[in-house]
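1. turn this into a model:
(chains A and B)
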Number of protein chains: 2
Amino acid sequence: MSLARFSFNQATAKYWPLPEVVTGCVQAGVPGIGLWREPVAEYGLDKAAALVREAGLAVTSLCRGGFFNEPSWYPENRRAIDEAAALGAPVLVLVCGGLGEGSRDVDGARTHVGEAIGELVPHALSAGVQLAIEPLHPMFCSDRSVVSTLGQALDLAAPYPANAVGVVIDTYHVWWDDQAWAQIARAGAEDRIACFQAADWITPLPEGVLLGRGLPGTGSVELRRFREAVDAAGYAGRPVEVEVFNADVWARPGADILADTIEGYLAHVA
Amino acid sequence: MSLARFSFNQATAKYWPLPEVVTGCVQAGVPGIGLWREPVAEYGLDKAAALVREAGLAVTSLCRGGFFNEPSWYPENRRAIDEAAALGAPVLVLVCGGLGEGSRDVDGARTHVGEAIGELVPHALSAGVQLAIEPLHPMFCSDRSVVSTLGQALDLAAPYPANAVGVVIDTYHVWWDDQAWAQIARAGAEDRIACFQAADWITPLPEGVLLGRGLPGTGSVELRRFREAVDAAGYAGRPVEVEVFNADVWARPGADILADTIEGYLAHVA
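-> Next up, the predicted model:
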């Protein structure tokens, strides 16, 4: 096993400054990095693009566009596409947004997500950036994403060309779903797998549930089985990101987080 | 709208002593009650059965059997069936249990649930108690129930007679699922709807996520749409339980909780 496919999503070490993340990845022999818009903007988009390019790191994805329930979704997502292109990221991850304030109309919200993505397709195609719908765990349905399953994400992507709209398969969000295996095969057959992310599921969940993920091997998820399933669906050889949000992990030094992430990746995912 | 179908699940007022719950329900014109094994055992099974019978309350369900990942699942579930029969509860709710300690074998756990239920079917039939598989929200997959969707619950019930094995449809657990509507229709067509429970979804979720439910009308769920869907599937006229676990609600006087539950039921469910 090697690190050839490994990509370190910078959110796993949220408080590690970008230049140090980049240096740390290079020193550890990590070939890829997943970036987030906020720390990139803080460092400066063009500077960040130059930094990762000169370090020889492949940017495997940019997080995140989406939140289509917000009034500014259209210009905001155009900007996100442009930023992905500037960074050389082939994929913009979409966290599609929950219900609007006070709304119970989950069907309406889902329809709107599909239409909004359609409006972004021309710009994504011209920028050479694939929009990647990320189904989020159903516990986020009201506040972060009304797209709750891989099947839904593929249904939403279906009207558009695969090079414009794909899906993100994040083990944390889909592991519980007995339909996930069939939908992974479908995603491969439809050439929609834009990104594969690994994170483990641990209980009890913390307040707000966002920061409860575990490093690979610390929880309940058959991570290697998922990696093998996406590979069998045609994703073999492509990047595997590890993306973990966890307050206890974040409190540690960045280099230690990276070392443990690599160890967990090699032991449980690769 | 009336209270004719309303059933107050006693877990909604967890700290209200059973005799006071019963008196409160009678005074409020509530015809049904959902009971839990622990408070019933504390009060005494035979005494509890006499109490609700003499008050003229219908016991609409007993919570709960299940937890098939525990070594003692077989005798424990037989006892639960007997208790349901003693209380005159037509339905024993099954919370099927999560993964075993340290296990990642969710497929294996699901298979075991189906087999375990099969072993209980003869006793359930002879006791006249319907076992009711409750799909729990996927956020409980690792620790409380590997049965995460209504579709899974119906698949698990399928090998057995409908009067022996049905399903519980609890809005809190299934509201996010775009397949829920088709599966409710299927549940009705297969005569498997043993119990319908209403609770609302509110965010942010508290630590541990168990106690985050909302009284009807306080959250994101289209409660009346679900009630109408189960009715259209053949459940019309049958009991509607409200079951809410919420630490803030529990801290209030029982009579106030019941009054607010009735108000929420009439305004958002009935």
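
2. use CA for all of it now, contacts and neighbours both
-> OK.

3. where along chain A do the helices fall?
-> In chain A, the helices defined using DSSP state H lie at A:18-28, A:37-43, A:45-55, A:73-87, A:106-127, A:150-157, A:171-174, A:180-189, A:223-230, A:247-250, A:254-268.

4. would you format those as JSON lines with mean pLDDT and distance to chain B included?
-> Shown next, in JSON lines, are the helices of chain A (pLDDT from 0 to 100; distance: least, Cα to the nearest Cα, whole Å):
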{"stretch": "helix A:18-28", "mean pLDDT": "98", "distance to chain B": "30"}
{"stretch": "helix A:37-43", "mean pLDDT": "98", "distance to chain B": "23"}
{"stretch": "helix A:45-55", "mean pLDDT": "98", "distance to chain B": "33"}
{"stretch": "helix A:73-87", "mean pLDDT": "98", "distance to chain B": "22"}
{"stretch": "helix A:106-127", "mean pLDDT": "98", "distance to chain B": "8"}
{"stretch": "helix A:150-157", "mean pLDDT": "98", "distance to chain B": "8"}
{"stretch": "helix A:171-174", "mean pLDDT": "98", "distance to chain B": "9"}
{"stretch": "helix A:180-189", "mean pLDDT": "98", "distance to chain B": "11"}
{"stretch": "helix A:223-230", "mean pLDDT": "98", "distance to chain B": "9"}
{"stretch": "helix A:247-250", "mean pLDDT": "96", "distance to chain B": "14"}
{"stretch": "helix A:254-268", "mean pLDDT": "98", "distance to chain B": "12"}
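
5. out of the ones you listed, flag the one nearest residue B:45.
-> helix A:171-174 (41.8 Å; Cα to Cα).

6. what's the spacing between residue A:6 and residue A:214?
-> Distance of residue A:6 to residue A:214, computed by Cα to Cα, to the nearest Å: 17 Å.

7. actually, residue A:23.
-> According to Cα to Cα, residue A:23 and residue A:214 sit 24 Å apart.

8. what's the neighbour count on residue A:253?
-> By the criterion of other Cα atoms under 10 Å in any protein chain shown, residue A:253 has 12 neighbours.

9. name all residues that make contact with it.
-> Going by Cα atoms under 8 Å, 6 or more residues apart in numbering or on different chains, residue A:253 touches residue A:16.

10. with neighbour numbers in mind, choose between residue A:23 and residue A:214.
-> residue A:214 (25 against 17).

11. what about the spatially closest residue to that one that is not a sequence neighbour, how many residues nearby?
-> Leaving aside its chain neighbours, residue A:214 sits nearest to residue A:200 (4.6 Å; criterion: Cα to Cα, 6 or more residues apart in numbering or on different chains). For residue A:200, the neighbour count with other Cα under 10 Å is 25.

12. isn't residue A:200 up against residue A:171?
-> Yes: between residue A:200 and residue A:171 there is a contact under Cα atoms under 8 Å: 7.2 Å.

13. tell me the pLDDT at residue A:104?
-> We note a pLDDT of 97 for residue A:104 in this prediction.

14. how about residue A:1?
-> Looking at residue A:1, the pLDDT reads 71.

15. nearest spatial neighbour of residue A:52, chain-adjacent residues omitted?
-> Closest to residue A:52 by Cα to Cα, 6+ apart is residue A:22, at 6.7 Å.

16. what about that neighbour, how many neighbours?
-> Residue A:22: 23 neighbours (other Cα under 10 Å).

17. residue A:56 too?
-> Residue A:56 has 14 neighbouring residues, counting by other Cα under 10 Å.

18. so what's the nearest residue to it once chain neighbours are set aside up against?
-> Spatial nearest neighbour of residue A:56, chain neighbours left out: residue A:31 (7.6 Å); criterion: Cα to Cα, 6+ apart. Residue A:31 sits next to A:3-7, A:25, A:56-58 when contact means Cα under 8 Å, 6+ apart.

19. what do you get for residue A:10?
-> Counting by Cα under 8 Å, 6+ apart, residue A:10 has contacts A:18, A:21, A:33-36, A:243.

20. just the buried ones from the residues you listed?
-> Buried by 16 or more other Cα atoms under 10 Å in any protein chain shown: A:18, A:21, A:33-36, A:243, out of the contacts of residue A:10.
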